[in-house]
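**Q** Could you look at this predicted model? Sequence included:
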Amino acid sequence: MGPQVVVVTGASGGIGRATAVAFARRGDKVALLARGVTGLEAAAEDVRAAGGTPLVVSVDVADADAVEAAADRVETELGPIDVWCNVAFTSVFARFSDVSPEEYERATAVTYLGFVNGTRSALARMRPRDRGVIVQTGSALAYRGIPLQSVYCGAKHAIKGFTESLLTELKHEGSNVHVTMVNMPGVNTPQFDWVLNKLPKKPQPVAPIYAPEFVATSMVWAAEHPGRRAWWVGIPTVYTILGNKVAPAFLDWYLARTGFAGQQTSTPAGPDDPHNLWQPADGEGGRDFGADGRFTDGSWTADPQIWASRHHGTLAAAGATVLAGATAALLRGRR
């Protein structure tokens, strides 16, 4: 398979940046969509260094017309889009009562409607060709809401419902366009330095924390194996989703006790801390935040669950072989 044309939204930092580089390692042509010019230009250098061909497109994914124009530009300059990865988001760390209606609407427009807009533009091009893959960046928090993140949790729940609805429509059509969702654990990204924070202390991810470069490999894997409707990345994602199915009331109690302190560091927040709700934190001439946040020490770069998730067929076959062998030995012993 030759180089593919891949679109990554939110490509200026975090999981989006790491995902763009991961596709570049395959030699792909990677369109980098985000608002921040500084981060996009640095991401383009990363893509070139990894062996890919970058295209920088500054766009606000909350603007459907702008996303459509960006998709036109990608196909004009790079060729037909093979893979579209929706990653871009913004949010507010705060109690629900401390988030203004305007802040809630803006964060939802970027995080939820940004995925809708990207998916619409991707489908408009993929459906007539009857091929292509759309990868939605999900979260364990698409299944379980936690305190201080009602904006983000609400948007991720909406993305999950939207994606499932779309998936059934494509199946009804018999379409060869695939859509899949990659549900992430807590990841060491710059979001904890640029998301609007109204808490007394600087925010942090819920531990354990994964390296963005590590989870980005799951985005590439999902694009290469699009037949599965959803992927669970990491042990904590599994126990969060399953735990909420089994004991949601217990998780209500547990998160009420631990979810406030557990999402804040010991460092006081400041009025001059950057945030990207209305304007990119990495605007022209600004700071390049990169893919990694400030929690690199101790970030997980391996997880047996991720290997097992990718090779569940192999594991099932091995299990069946062991079971068959044990059964045969038991039957021989009874003769």
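**A** Arrived safely, thanks for sending.
**Q** Output the below-cut-off pLDDT ranges for this protein.
**A** For the chain, the stretches flagged by pLDDT under 70 are 1, 284, 312-335.
**Q** which stretches of the stretch 201-335 of the chain form strands?
**A** Assigned strands in the stretch 201-335 of the chain, in chain order: 201-203, 209-210, 230-232, 264-268 (criterion: DSSP state E, counting those that start in this stretch).
**Q** Please identify which of the ones you listed is closest to Gly132.
**A** Between Gly132 and the strands of the stretch 201-335 of the chain, the tightest spacing by Cβ to Cβ is seen for strand 230-232, at 18.0 Å. (Glycine included, C-beta is placed from N, CA and C.)
**Q** Which secondary structure elements does that closest one sit against?
**A** Taking 3 or more Cβ pairs under 8 Å, 6 or more residues apart in numbering; DSSP states H and E as the contact definition, the neighbouring helices and strands of strand 230-232 are strand 177-184, helix 212-224, helix 304-310.
**Q** can you redo these as JSON lines with mean neighbour count and distance to Ala34?
**A** As requested, the helices and strands packed on strand 230-232 are exported to JSON lines (neighbours: other Cβ atoms under 10 Å; distance: least, Cβ to Cβ, whole Å):
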{"stretch": "strand 177-184", "mean neighbour count": "24", "distance to Ala34": "18"}
{"stretch": "helix 212-224", "mean neighbour count": "23", "distance to Ala34": "15"}
{"stretch": "helix 304-310", "mean neighbour count": "16", "distance to Ala34": "26"}
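**Q** need the contact list for Ser12.
**A** With contacts defined as Cβ atoms under 8 Å, 6 or more residues apart in numbering, Ser12 is in contact with Leu32, Ala34, Arg35, Gly36, Thr38, Gly39, Leu40, Ala42, Ala43, Pro280, Asp282, Phe289.
**Q** Doesn't it belong to a strand?
**A** No - the assignment for Ser12, made by DSSP: H, G, I helix; E, B strand; the rest coil, is coil rather than a strand.
**Q** and the residue lying closest to His178 once chain neighbours are set aside, how many residues sit next to it?
**A** The shortest distance from His178 to any residue that is not its chain neighbour, by Cβ to Cβ, 6 or more residues apart in numbering, is 3.5 Å, and that residue is Pro226. Burial of Pro226, expressed as a neighbour count using other Cβ atoms under 10 Å, amounts to 18.
**Q** Nearest approach to Ala122 belongs to which of the helices and strands packed on strand 230-232?
**A** Shortest distance between Ala122 and these, using Cβ to Cβ, is found for strand 177-184: 8.4 Å.
**Q** ok, residues contacting the helix or strand that comes right after that closest one?
**A** Note on strand 177-184: by DSSP states H and E, the next helix or strand toward the C-terminus is strand 186-187. Outside strand 186-187, the residues that touch it by Cβ under 8 Å, 6+ apart are Gly14, Ile15, Pro205, Val206, Ala207, Pro208, Ile209, Tyr210, Ala211, Pro212, Val215, Pro236.
**Q** Now these in a markdown table, please, with extra columns for distance to Arg310.
**A** What follows is those, written out as a markdown table (distance: Cβ to Cβ, whole Å):
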| residue | distance to Arg310 |
| --- | --- |
| Gly14 | 22 |
| Ile15 | 18 |
| Pro205 | 23 |
| Val206 | 24 |
| Ala207 | 24 |
| Pro208 | 19 |
| Ile209 | 21 |
| Tyr210 | 15 |
| Ala211 | 17 |
| Pro212 | 18 |
| Val215 | 13 |
| Pro236 | 17 |
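**Q** which of those lies closest to Val56?
**A** Minimum separation from Val56 among these (Cβ to Cβ) is found for Gly14, which lies at 16.8 Å.
**Q** these two touch, right, the closest one and Glu213?
**A** No - the criterion here is Cβ atoms under 8 Å, and Gly14 misses it with Glu213 at 10.7 Å.
**Q** Quickly list what's touching both of the two.
**A** Contact criterion Cβ under 8 Å, 6+ apart; residues shared by Gly14 and Glu213: Ala291.
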